[in-house]
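A.B. asks: Sequence and predicted model, in that order:
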Amino acid sequence: MIKNITEVFGLQGVVLDRMETLEKSQKTILYCRSPRIFCACPVCGCSSKQVHQVKSRLVRHGRLNGKPVIINLKVRRFKCSNKKNCHKIFTENFPGISRKRTTKNFRLETLSWLTRNSFNFVGYQFNISSATLTRYLLELSPDWQNIDWDKLKTTRLGIDEHSFRGRHLVITITDLDNHKLLAILIDDHKKTLEKFLQNIPENAKNRLIEVCIDLKQSYQDSLKKLLPQVRVVADRYHVQELAKRNLEAVRQIVQDERGGRKIHLKQLLLSNRERLTDQEKIKLENIFKTYEKFPILREAYIIKETVRTMYSYHDRTKAEEKFQHIIMLLQTIHHSRYLDVMLKTLKRWKPEILNYFDYRTTNGFTEGCHTKIKMIKRVSFGFKNINNYIAKMTLAFIPLIWLINHHTI
């Protein structure tokens, strides 16, 4: 029975003498000791059973049914039996229990809670400070930052940025083949991305086929410089969002110019046309008639729908024809500085946009990571330290089984 209890608490390698539950303090005390009679000297390696001193120390081990579990560990200090050369006095070691006041099991449990909760909440539940919890977290951060490229064997990367705090943006890098978060860089500067790309081993660089990015010129320049053999793909979400943002900008200007009572147009204009009901389609046509003095509104809407139609094709040749049609529409419509910018952007990113139709690679997984990151930021009420932020976000994407293997006693 005692052996089964030690297995439940993950205390293999020690002997459990008895277990006691304190009703007042709501604690479970496990009285443990080493099963060995002899202990090897760390200096000369000679075995000794001459006990010099015995003391007990309390080690926090985790929680059971919401109650703290504490190990009352009986620790012996031995005197080396090699009287000729060594008289070293040393302390016996326990597997999985270091000289710290917590076991690896305790730190594992706090980290598993931290994947979904804030530092303050987890610290309150386990009665530790946020600084101590941060120290547990940063103990593993070097292991997270070492990417095993040979094991991943990835052929596609996703690169995008998200907000750390306000306008301080950081770069997210993901493995689109295995759906894994690889790294979060400390900022979105070009030099930071290039440093990451330079650290990729040559064999891993040769395996890469595609890198999916948003419409950011600095990313494109860095990839062409350091990964010239890789096909760069412009994420379809950002291309469609560009068309939607231009339509929204045109709508705001048109309604301001017309004056009078403003009609709610935003939802109708930005919704996919096939999702509109017959009544909503009639309403949309009446709106275009109402704003017939501003034909650019209809033209911006047509361009938005044409971009969506282009991405429904699976053949690159047809997609390229539709792309040329979009360029023609942008060149022949009424003058607008918003649509002029879109025309220049599409011309500059034409190869990258059309590369999507070869393998239909998107940054959907990267955007999903950003959604989860935003949820964790709300739960944690923000971050001040960028290193703590990166460590916390990386922890949230590590499978729990990895933590268990890392902390196995």
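C.D. replies: On my side now, so go ahead.
A.B. asks: Contacts for the longest helix along the chain, please.
C.D. replies: The residue-count maximum for a helix in the chain (DSSP state H) belongs to helix 236-258. Applying Cβ atoms under 8 Å, 6 or more residues apart in numbering, the contact partners of helix 236-258 are 214-215, 262-263, 265-266, 269-270, 291, 293-294, 296-297, 300-301, 303-304, 307-308, 311, 336, 338-339, 341-342, 345-346, 349, 353, 356, 362-364, 367. Where C-beta positions appear, they are placed from N, C-alpha and C, glycine not excepted.
A.B. asks: Which residues does stretch 87-98 contact?
C.D. replies: Contacts for stretch 87-98 (Cβ under 8 Å, 6+ apart): 10-14, 34, 36, 39, 41-44, 52, 59, 71, 73, 75-80, 103-105, 409.
A.B. asks: where does the stretch 101-250 of the chain dip in pLDDT?
C.D. replies: For the stretch 101-250 of the chain, the stretches with pLDDT under 70 are 140-145.
A.B. asks: got the buried residues for stretch 37-56?
C.D. replies: By 16 or more other Cβ atoms under 10 Å, the buried positions in stretch 37-56 come out as 39, 40, 41, 48.
A.B. asks: was I right about residue 263 contacting residue 286?
C.D. replies: No: if you go by Cβ atoms under 8 Å, residue 263 and residue 286 don't touch, sitting 9.6 Å apart.
A.B. asks: Which one's more surrounded, these two?
C.D. replies: Counted by other Cβ atoms under 10 Å, residue 263 and residue 286 do not tie: residue 263 has more neighbours, with 14 against 10.
A.B. asks: quick one, what contacts that one?
C.D. replies: Residues counted as contacts of residue 263 (Cβ under 8 Å, 6+ apart) are 255, 287, 290.
A.B. asks: one more time with 10 Å
C.D. replies: By Cβ atoms under 10 Å, 6 or more residues apart in numbering, residue 263 lies in contact with 255, 283, 286, 287, 290, 291.
A.B. asks: Next: residue 373.
C.D. replies: Applying Cβ under 10 Å, 6+ apart, we find residue 373 in contact with 162, 163, 164, 170, 172, 181, 184, 389, 392, 393, 396, 397.
A.B. asks: coming back round to it: from the contacts of residue 263, list just the buried residues.
C.D. replies: Applying 16+ other Cβ under 10 Å to these, the neighbour count classes 255, 287, 291 as buried.
A.B. asks: For the nearest residue to the last one once chain neighbours are set aside, what is the enclosing helix or strand?
C.D. replies: The one in question is residue 291. Spatially, and ignoring its direct neighbours in sequence, residue 291 is nearest to residue 297 (5.2 Å; Cβ to Cβ, 6 or more residues apart in numbering). Using DSSP states H and E, residue 297 falls within helix 296-310.
A.B. asks: Distance from the next helix or strand after that helix to the middle of the chain?
C.D. replies: Next helix or strand after helix 296-310 toward the C-terminus (DSSP H and E): helix 316-332. Using Cα atoms, centre = their mean, to the nearest Å, the mean C-alpha position of helix 316-332 is found 36 Å from that of the whole chain.
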